[in-house]
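Visitor: Here you go, sequence then predicted model.
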Amino acid sequence: MILDIDSIETFYGETQALFGLSLNVEEGEVVGLLGPNGAGKTTTLRSILGLTPASIGRIEFDGVDITHEATHKITRAGVSWVPDDRRIFPTLTVERNLSIAAKKTRFREWNMGEMFEIFSPLEYLLHRECENLSGGEMQMTAIARALLGSPGLVLFDEPSQGLAPKIVQDVMQTITRLKQEGIAVLVVEQNALSALEVCDRVYVMDMGRIVHHGPARTLLEDDAKRISLLGI
Amino acid sequence: MSIQQAGLSKKTGPMHRAIIGIAAAMLGAYVAQVSVAAAGTGPIVIGITSDASGQYANSGASDRRGMKMAIAEFNAKGGVLGRKIEFIHIDTETTPATGSRVAERLISRDKVSFMIGAVSSGVANAISQVAQKNGVIYLNTNSSSPTESGKNCHRVKFVWDGNGANFAQAAVSNAIDSYGTKWQLVTNDYVWGHNTASATKALVEKAGGKIIGEILVPQGTRDFSSILLKIQQDKPQVVAAAVGGDDQKALRQQVAQLGMGQNPAWINNQQDWPDVYGLPTDNLFGVFGTTWYYKLDLPGVIDFVARYQNMYPDTKMKVPGNVFYNGYMATHSLLSAIEAAGTTNNHAVIKQLEQLKVSAADRMQHHDAFMNPKTHQMQQTVYLATANVGSSDKDDMFKIVSNSAPMKVADAKAEATCNLESFADTPVYEP
Amino acid sequence: MALFEAQHLHKRFGDRVVLEEINLSFEAGQLSGIMGPNGAGKTTCFNVLTGRYKPDRGKVLFDGQDITGMTPRAIARKGISRSFQIMNLFDDFSVIENVLIAVPQVRDRGFNMTRRVAADVAAMDKAAVVLEQVGLQDKAYENAGSLPYGDRRALEIGVALATEPRLLFLDEPTSGLGIDATARLSELILELKHAYTIVIIEHDMKFLFGLADNIAVIHWGQVITRGTPDELRANKWVQSSNLGKLA
Amino acid sequence: MDFLINLTPHLVNGIALGLLFALIALGFMLIVGVMEVINLAHGSLFALGGYFAMMIIGVEPGWFGPLGDWYVGLPAGARYSFALVLGPIAVGLVGMLLELCLRGTYGKDPLFGLLLTFGAAMVIEELIRIGWGSGEQFLQTPPAISGAFIWNGLIWSTYRFFAAGFSVAAIILVWLFLERTPYGAIIKAGAHDSEMVRALGINLSQLRLYVFAFGVALAALAGIIMAPIWGLRPHVGVDAVIPAFLIIVLGGVGSFVGAVIAGVLVGLTVGITGAYASEWSLMSMYLLLIVVITFRARGLFGKKSMLEN
Amino acid sequence: MSVPFLEVDNLRKEYSRGLINKRITFSLEANFSIEEPAIVGMMGPNGSGKTTLFELITGSNLPSSGRVMVMGQNIHDVRYDERDRLAIHYHQSYQVRSFHRTRPKFMMQPADCEYPMVHLFDEPQFNTQDGYIGFMLDFFRKLRGEGRLVFVCLHPNEPFHLNIMREVCERYIFVRDGSLTLADDFDKLVELEPVRDYLGRLVDVA
Amino acid sequence: MNNNTGFGAWITRPMLITFAILVSLPFWIDSVGLYQYLGVEIVIWMVYALGFNLLLGYTGLPSFGHGAYFGIGAYAFGLSQLHITESIWLGLICAILFAALGGAIVAAFLSHRRGIYYALLTIAFGQVFWFLSIKWHTVTGGEDGLLNIPRPDLNIGFASFSLSSNEALYYFVLALFVVVVIGLWRLVHSPYGTVIKAIKQNEMRTGFIGYNVWLYKWSVFTLSTALAGLAGGMFAMAQESAYPDVMSLHASGFIVMMVLIGGGMVSFWGPVIGAAVYFLARDLLGSATETWLLWYGLMFMAMVMFKPEGIAGAWQGFIKRGDASTDGDKKPVTR
């Protein structure tokens, strides 16, 4: 098991956002985390990353307790993050954005050439300042940045949000590729249908709790259940 | 207080008690450090009010050493009127408002007998005002503003340093003869600067010189480059600088950098020893006034320097300077005056000080000195000095150029502007 | 004539055109919707309409009066009120204080330095009414900063309501709400619909289709189409979308 | 025409002065821009730099054994260069200590960082006073850059031009460092989005520590350069921190180019008023600021910053 | 109409790398003109130069040679802040224009229009789920109806993308590796060998 | 803050305790090793700090040049006594009016600004006033200040009291302090007080619910400078002089320190505590050691690092924790 979250509770100041949340991800597995806005999906990712550490409960990554570890150490252990708003550094070039993320971990290492292969436009964008990139280009940069960190687990936060379908498709292909390489993926999605197609298992959250958990196929096939849980 | 405490704690529980406990402990610390000076019998307590932080901290320290040496010497003789002499020092921060508060504190809480010490005229004013209100004698040891013995004079205040007008008197005619008649003034744009400059101006014009311009620089100026360029463009023969404090230090440095210290000739009002000690001699620019120098070839000077070195073996300044000298002399004269008066009654001591005459030998100066009873300024020898370039002794920085008798350099304007309070208006104070 | 009208609004930020050509009008007593995909310029449009930004070109009319370029304050005093997408409350105040400060009577006495706020019974009553409207009457003395998300959304609307607006703008009120909370919000807005003229910005079409009398679709900083929910729903692409399938 | 001829030296002088101001503001800007901390201890550390340099140059034979004696035997220029390198490093270490104290204030009202450094300024100034006394000190400069030269019939200080040239070099180097090196990229990234930087595996606390130390070292460098012009006394820092603050706001918080331009602008203003209305030369700086900020809320090149809230 | 709507006149753009030993990494050539209002569909893979062409048309990118005339005005002679009155580039969700500023404002001409004449939609988000497509297509038609020239650029990867293009567009431009191929209707377009090659199995669906 | 007990009452228990301590002060101040004059200064600075906190603590506007208005008050008091007529009321009214006038003009420039730009503009204006006070020496006496300002008798129509003793003066400034405290307490619980607190929390939203934020920011600055002027006038009375250095940047920095140490950001009483602690610490340290700045600076740093909400904040936390431990089940840890 690469990621094991055991009944964590997370607070923002005095407001509680997660209530005894547990989930796990196996190596090379793609797990979806679905649910409405404000359900606590992003908070879950932030807790894993140590940006908003859980106050109660335990998070293990790769067999090590990372609940109260510093963010940079968690990342160096092999967790990469593709945030929903990309958070590309706008004053830097694409190349710098990528190079400051590059590092070695015990997991598979990626190089720039592979990035160009996955996202061909990156090559000619390399020396552009990121301020002027389009949304899709930013997303490519964000994903490439995450991969260059040699992750064993990639956290995708709403990867399809605000993207052209073609790019969404690219992103989903990338996720499939990661799976083939044995890298685990936890993907947070609102746009649930596209996510369901690539996921092995899904968790559905609401109000800071897991309200459903099971194979992705079940939800894909069971319309009634899907609509009651996800509204689509 | 204990009743209040009980009342409070009953109502409000343990936290209040804890806090009140802490407060009580704090106040207790205060009580512990109160030194009680009962009037008339106990030790004579001198409140030292020299600056320990701010612009004049360094001079303040030197001033203080002078006073302490005088006090130590009297104590060694058994004190004054059979009473030991003690002192309390509180920092006035080179800030008049703090000066006021410190004076209030020293008088009302510490019950001091006398107050001594000032470098900044603003602080001296503030202290003297409180002192006058209470009738406490105050010695302004080292501030050289003409207003101290002019419009801001007080019955209880005595001024021991030469002032800007004295120094200008000594310098101007000398400089016109040696360097030329085309003068430019560089004046710090505040009261002291203006007073000093106008004194210089009057003297220059009287002696047949011509002022070609006056450059006003605001207090706090650190960069004089544009002003130095302007001086070069205007080509005066003599520049009379009335620039004080840190501004003067920066100006000195920048003049030295340009090698402009000799041409044009600089007339600088005064350079206090602690301000220049340790600097290279080319940093002392021009001709300036002082009241004393440790290499004066007079009897007693060598012994005085030896006493200094004996008492302060670790201080950075290996030899005493004018600020130390003024602090020492003022304290010494005050204590002598008390002895002469036979009482610490302020009116009696003031009268003694007003008719103070000190021989040249006792003051280690070239001429006899005396207190001017109308302005309460010590009338003393004023020396002109310049940098002792090429000296091998690091301490021997000044070359004394001339000395002037007190009457020759008297501040004529002071008597006209000074209006001392009557004795009747000065409360009796007998510590 | 429409209560509120926007004509040819154009807005840039530096080298970025955000609104190209916006023409809108809202009738009194109706609930109008503005919708569009993410980043279409909805929020900027909203900010221009409510005076937070001044348009580079174009006019905004309220009740026949030109209010273009007026300060938010002046616009608010004319009777236009708005809520915010990113919550904008007075976090250190209690819930009732948040509402109280928005009540016009309190506002008119804003420079009164001696009267006790809490003693102003009329204003307190008014605030209580608003709290009841948005369902927060039980939490009146809780700190706004520590309310749960859904309640903060409701309070956001409550503050806007307390100003007794003639026109109420709501900016993405469902943003961040779960299914239940969204449903409750729908009910709340349906209630308010009887009393106020409301304009809602939303990217959630389903939510708007259920509430609005008419809808303008904004994209690329322009109104690309407008109509009643039924008209819009008739579009074959809407039919074949998730929305159509559900509707 | 005469007026123009008279004016030219003042323009040259003003620009030189402005470059010095820019150098003084450089470290301050870096810390404000990257960490959003207004470091009021900038001035005291500026002074500390001068004192450290003085100590390094003034080593006397016998202090540190044979190595010290070898060092004392070096020419003045070499010792001065040592001071230029070691002084800032030493102050950088002091800065690191201060940064550790500052950690608690991150993410809170920027006022707290400002106040903490205000306290630190008092402490450092007092420590200087305890260590070196409150008197005026003198920083030796090597003969090659001392003295004066005559140009256009006027005497100019060699050192001032060395200092201005040095400022230009320092400004360019810092700019290159920020723009052209991966470290600069990390610093800029950290300034923009500290959370994301952490999530990329960069140790943010360490980054802040180094950036603070670097900014403070630049303050020390400015202190060493300015000491021979302004003199060296414990409270000399006050003269540095206010212009630095002013230049940053004038140029716009977070803008490198803005700070440099604002520095030169302030230098020109002070220089020219110094020549023609010298009694207003200090005030002109503040009036310039009031005028600029009245019309341009965020300074000349400012971006939105957390410090506005 | 005497003046053509859009005249792309021997336009050439090269990107190169290396200071001394210059290597051309990308080049685009275009030469065409469109006389009247139309909806023009543009297709081609990512990185083929579609966006660059749009940037050149809106004046936010400088050509290596050649010129772009919009409504008879050379776009690069029009004031920077008014170029979008002639041709506007809808890039993802908003329009970013970063100009290489070469001349001061007073040396340039003002634009002749209030509302843009040429609208370039760069990869609009055609998402079947949210239902906006229909409104977008209506909007293209509306602009066309008001006498505007509309470009819709797409990199189709779903059958319905092709259907959309066929439904709204009147003319087509295919871009690949920096060179343009023009077609007057959809059928002609898909007959072209490079297009078939590019679309692969999608063509069969179409 | 203060939602339950005494919310907006005219007089509250802490107020009575404070007044009681201060009224009894002359009877015990000497026996704890302090001196009456210090009491006068402390109470004056409390007024100044309270006025300043209206700006910093309640409206969230940092002013680092507030000394200027304190100084203007002092000069206005002095000049009116020296050149018009000796009257306490005239002097204090002049002090308030001129300081408020200066404040009003400056506030007109400031009130559109926020954060660092606000702070820096206040510094710039503060420096301008300070500079003018030295430059305009024909009026202000330059760096020597305005000296020998009379301390006129207090004339309240039917009777007249001499204020020449520090005790008498103390009771006079205390009376003004009481008026200021009650007035400010009222003000911060009035609609006006609510609005300025709202501006501190969310300036934009305050504008959007129809308040003229600019006008409130302007008025609160002016009000705060008027109080600074009043304090300055009293200070001139106490010192019988007016000096430019109270206008310096340093002095302005000290008032900020005072208010924060006391806990002005979280409590009405913060500035009162702060002024007292500041003067006591300074007096104690200043007489104990020459390096008092070092210790004071360290104390201040420790305060910001460990208790940034100040003494009043620490006190509140202390009480809160006490409450929590006694009735822990009343307050659930989680929702």
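Guide: On my side now, so go ahead.

Visitor: Over to the residue of the stretch 1-150 of chain D found nearest chain A. Which of the three states is it?
Guide: Closest residue of the stretch 1-150 of chain D to chain A, CB to the nearest CB: residue D:33 (11.2 Å). Yep, even glycine has a C-beta here, placed from its N, CA and C like the rest. Look at residue D:33: counting by DSSP: H, G, I helix; E, B strand; the rest coil, its state is helix.

Visitor: Pretty sure it sits against residue D:251.
Guide: No. Counting by CB atoms under 8 Å, residue D:33 sits too far from residue D:251 to count as a contact (10.4 Å).

Visitor: Mind checking which of these two has more residues around it?
Guide: More crowded of residue D:33 and residue D:251, by other CB atoms under 10 Å in any protein chain shown: residue D:251, with 29 against 22.

Visitor: returning to what we had before: what's the separation between the residue of the stretch 1-150 of chain D closest to chain A and chain E?
Guide: For residue D:33, the distance to chain E (CB to the nearest CB, to the nearest Å) stands at 23 Å.

Visitor: cool, and residue D:34?
Guide: Distance from residue D:34 to chain E, by CB to the nearest CB: 25 Å.

Visitor: Where does the closest residue to that residue other than its chain neighbours fall, secondary structure wise?
Guide: Closest residue in space to residue D:34, ignoring its immediate chain neighbours: residue D:191 at 4.3 Å, by CB to CB, 6 or more residues apart in numbering or on different chains. In this assignment (DSSP states H and E), residue D:191 forms part of helix D:182-192.

Visitor: Export only the CA atoms of that helix, formatted as CSV.
Guide: Only the C-alpha atoms of helix D:182-192 are listed here, as CSV (Å, rounded to 0.1, in the frame of the first residue of the first chain):
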residue,chain,number,x,y,z
PRO,D,182,18.1,28.4,-10.6
TYR,D,183,18.5,29.8,-7.1
GLY,D,184,17.0,33.1,-8.3
ALA,D,185,14.2,31.1,-9.9
ILE,D,186,13.5,29.4,-6.6
ILE,D,187,13.5,32.7,-4.7
LYS,D,188,11.2,34.3,-7.2
ALA,D,189,8.9,31.2,-7.1
GLY,D,190,8.9,31.4,-3.4
ALA,D,191,8.0,35.0,-3.5
HIS,D,192,5.0,34.2,-5.7
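
Visitor: For that helix, give me every contacting residue.
Guide: A:89-92, A:96-97, A:99-100, D:33-35, D:176-178, D:196-197, D:202, D:204, D:207-208, D:211, D:254 (CB atoms under 8 Å, 6 or more residues apart in numbering or on different chains).

Visitor: If we use 6 Å, what do you get?
Guide: For helix D:182-192, contacts defined as CB atoms under 6 Å, 6 or more residues apart in numbering or on different chains pick out A:89, A:91-92, A:96, A:100, D:33-34, D:177-178, D:197, D:202, D:207, D:211.

Visitor: for these, which one is nearest chain C?
Guide: For those, the nearest to chain C is residue A:91 (14.8 Å; CB to the nearest CB).

Visitor: per-residue pLDDT, the most centrally placed residue in chain B?
Guide: Centroid-nearest residue in chain B: residue B:142, 1.1 Å away (criterion: CA atoms, centre = their mean). You'll see residue B:142 listed with a pLDDT of 91.

Visitor: Can you give me every residue that contacts it?
Guide: Residue B:142 makes contacts with B:63, B:119, B:161, B:323, B:326, as judged by CB under 6 Å, 6+ apart.

Visitor: That one falls within a strand, correct?
Guide: No. Under three-state DSSP, residue B:142 sits outside any strand and is assigned coil.

Visitor: The helix or strand bottoming out on mean pLDDT in chain D: which residues count as buried?
Guide: In chain D, no helix or strand scores lower on mean pLDDT, DSSP states H and E than helix D:65-73, which sits at a mean of 81. Buried residues in helix D:65-73, counted by 16 or more other CB atoms under 10 Å in any protein chain shown: residue D:71.

Visitor: State the next helix or strand along the chain beyond that helix.
Guide: helix D:76-102.

Visitor: Against which helices or strands is whichever strand or helix holds residue D:215 packed?
Guide: Here residue D:215 sits within helix D:204-230, counting by DSSP H and E. Helix D:204-230 makes packing contacts with helix D:2-35, helix D:42-57, helix D:76-102, helix D:158-180, helix D:194-199 when contacts are defined by 3 or more CB pairs under 6 Å, 6 or more residues apart in numbering or on different chains; DSSP states H and E.

Visitor: Including distance to residue F:228 and mean pLDDT, could the ones you listed go into TSV?
Guide: Converted to TSV, those look like this (distance: least, CB to CB, whole Å; pLDDT from 0 to 100):
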stretch	distance to residue F:228	mean pLDDT
helix D:2-35	28	88
helix D:42-57	26	94
helix D:76-102	30	93
helix D:158-180	40	92
helix D:194-199	38	89
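
Visitor: For the helix or strand where residue D:261 lies, give the mean pLDDT please.
Guide: Per DSSP H and E, residue D:261 falls inside helix D:256-276. Regarding helix D:256-276, the rounded mean pLDDT is 91.

Visitor: Now that helix: buried residues?
Guide: Here helix D:256-276 shows D:256, D:258-275 as buried, counting by 16+ other CB under 10 Å.

Visitor: Distance check, residue C:64 against residue C:149.
Guide: To residue C:149, residue C:64 is 39 Å away according to CB to CB, to the nearest Å.

Visitor: more crowded one of these two?
Guide: residue C:149 (20 against 9).

Visitor: In terms of helix, strand or coil, where does residue B:60 fall?
Guide: helix.

Visitor: do you know how far it is from residue D:135?
Guide: Taking CB to CB, one finds residue B:60 at 11 Å from residue D:135.

Visitor: Could you name every residue contacting both of those two?
Guide: Counting by CB under 6 Å, 6+ apart, nothing touches both residue B:60 and residue D:135.

Visitor: higher neighbour count, the two?
Guide: The neighbour comparison of residue B:60 against residue D:135 (other CB under 10 Å) goes to residue B:60, with 34 against 23.

Visitor: Fine, thanks again, bye for now.
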